[in-house]
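Trainee: sequence unknown, structure follows:
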């Protein structure tokens, strides 16, 4: 099965119209129709039900569309990695700003001292962009908080840290030293959804904290944030029964890079050493 056949199939499967798919591909409808019929013959299945008025995917077509996206993304990613490898040898590490639990600098410093290490370019990105960058070949390794879409990725857990409630300093709950999820109207199963809703519409952590200080948002964040972002208008309170925030290192499953393997090993060692020296504790009242 050729990649061109898959690209033709994806266009038809998404457009569900041969004329629009042909226009999208820059070809005429007759050769596109013939290519789809050859693909169906090659696979021995019917991918589309066709009438004079409509085109619909069959169950086999639905499955192939999902798999085709994975295969074509992998091909595109391989091309990007090959082009990057032809230039200066380096690793691209994707991370959300302030989403590294304080581990980024020690990891980079330790890795730089390793024999055979290569330069590391840090790519700062938005919420949960890291998995997509890994799958597209735009990054080699990523620091990312769970949960995330780990399709096609290998992962290693680096750290788990407690969460704190982030409230306006004049919020009634800020008068208390410690909280529980029920005080926030939450339970363990609703925490991630609540955090995602609080982030929505805010480009970065600074914007979230500004919204908190104005009384527009109450959210939960990793406890390590408290030391790096003390703010007069924001109170941080430990939430005793909140599930921890888990930070993982992720990289493509198909990666055979010795430099990537060395960075993963170094990051794991740094995280273990940091955990041993500094057991996670809830911050004192802000």
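Mentor: Noted; the coordinates are in hand. On a predicted model such as this, the values are computed, not experimentally measured, just so you know.
Trainee: quick one: the strands in the stretch 1-150 of the chain?
Mentor: Per DSSP state E, counting those that start in this stretch, the stretch 1-150 of the chain carries strands over the ranges 48-50, 55-57, 91-96, 120-125, 141-145.
Trainee: Export those strands as a markdown table, with columns for mean neighbour count, distance to residue 105 and mean pLDDT.
Mentor: Glycine gets a C-beta too; all of them are placed from N, C-alpha and C. Listed next are the strands of the stretch 1-150 of the chain as a markdown table, based on neighbours: other C-beta atoms under 10 Å; distance: least, C-beta to C-beta, whole Å; pLDDT from 0 to 100:
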| stretch | mean neighbour count | distance to residue 105 | mean pLDDT |
| --- | --- | --- | --- |
| strand 48-50 | 14 | 53 | 92 |
| strand 55-57 | 16 | 49 | 93 |
| strand 91-96 | 22 | 11 | 92 |
| strand 120-125 | 16 | 10 | 91 |
| strand 141-145 | 25 | 12 | 93 |
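Trainee: and of the ones you listed, who's closest to residue 216?
Mentor: Closest to residue 216 of the strands of the stretch 1-150 of the chain, according to C-beta to C-beta: strand 91-96, at 21.6 Å.
Trainee: wait, is residue 249 part of a helix?
Mentor: No - counting by DSSP: H, G, I helix; E, B strand; the rest coil, residue 249 falls outside a helix, being strand.
Trainee: and it, bridged to which residues?
Mentor: With beta bridges defined as DSSP bridges, residue 249 has these partners: residue 143, residue 156.
Trainee: Next, count neighbours for it.
Mentor: Using other C-beta atoms under 10 Å, residue 249 has 22 other residues around it.
Trainee: Tell me who's in contact with it.
Mentor: Residue 249 makes contact with 141-143, 155-156, 158, 264, 267-268, according to C-beta atoms under 8 Å, 6 or more residues apart in numbering.
Trainee: now, which of the residues you listed sits nearest residue 133?
Mentor: Within these, proximity to residue 133 (C-beta to C-beta) peaks at residue 142, which comes in at 6.7 Å.
Trainee: from memory residue 219 sits against residue 200, does it?
Mentor: No - if you go by C-beta atoms under 8 Å, residue 219 and residue 200 don't touch, sitting 10.8 Å apart.
Trainee: The two - which one has more neighbours?
Mentor: Between residue 219 and residue 200, counted using other C-beta under 10 Å, residue 219 has the larger neighbour count: 21 against 9.
Trainee: In three-state terms, how would the closest residue to the more buried one other than its chain neighbours be classified?
Mentor: Closest residue to residue 219 apart from its sequence neighbours, by C-beta to C-beta, 6 or more residues apart in numbering: residue 198 at 3.7 Å. Following three-state DSSP, the label given to residue 198 is helix.
Trainee: Tabulate the strands of the stretch 1-150 of the chain (a markdown table), appending distance to residue 7.
Mentor: Output for the strands of the stretch 1-150 of the chain, formatted as a markdown table (distance: least, C-beta to C-beta, whole Å):
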| stretch | distance to residue 7 |
| --- | --- |
| strand 48-50 | 16 |
| strand 55-57 | 16 |
| strand 91-96 | 26 |
| strand 120-125 | 27 |
| strand 141-145 | 27 |
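Trainee: tell me the angle of the strand or helix carrying residue 195 relative to strand 141-145?
Mentor: Applying DSSP states H and E as the criterion places residue 195 in helix 191-199. Going by axes from the mean of the first three to the mean of the last three C-alpha atoms, to 10 degrees, helix 191-199 is angled at 100 degrees with respect to strand 141-145.
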